[in-house]
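Colleague: Take this sequence and fold it.
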Amino acid sequence: MSTEANTEKTIVLDQDGHLANLEDWNEELAQDLADHEGIGALTDRHWEVINYIREEFEKNGDAPSIRKLTKESGVSTKELYQLFPKGPAKKAAKVAGLPKPKGCI
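Modeller: Numbers count the residues shown, from 1 in each chain. Here you go, the predicted structure:
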């Protein structure tokens, strides 16, 4: 599966729709992925979650679960579902350019 980014570079996605090559990620692509997921314009609150997830991935090698996100990111469960509807941990990881978290279906 692949999609064209604004940079005219072909971006390859895995079977779950996450980036196949983590090195392809940048903030512009994050916005393209958010648009594709129906999230719309990324706000400062979106970026707080995205940056938190990316930091956790760098430290632990996996994107955090929804439970860890709500406990440690400073964003409530309700707000996470508003920011990243229908599966916030999975969608936030996707926009952050990371693989699907291990605990997600």
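
Colleague: Got phi/psi on residue 39?
Modeller: With angles defined as degrees, to the nearest 10, residue 39 sits at phi -80, psi -30.

Colleague: if you skip the residues just before and after it, what's nearest to it?
Modeller: Spatial nearest neighbour of residue 39, chain neighbours left out: residue 84 (6.4 Å); criterion: CB to CB, 6 or more residues apart in numbering. Where you see a C-beta, it was placed from the backbone N, CA and C, and this is true even at glycine.

Colleague: is it true that that neighbour touches residue 92?
Modeller: Yes: counting by CB atoms under 8 Å, residue 84 touches residue 92, with 4.8 Å between them.

Colleague: Compare those two and say which is more crowded by neighbours.
Modeller: residue 92 (29 against 25; other CB atoms under 10 Å).

Colleague: As a check, name the ranges of all helices in the protein.
Modeller: For the chain, the helices defined by DSSP state H cover 27-36, 44-60, 66-72, 77-83, 88-95.

Colleague: give me every residue that touches the residue nearest to residue 39.
Modeller: Applying CB atoms under 8 Å, 6 or more residues apart in numbering to residue 84 gives the contacts 37, 39, 46, 49, 91, 92, 95.
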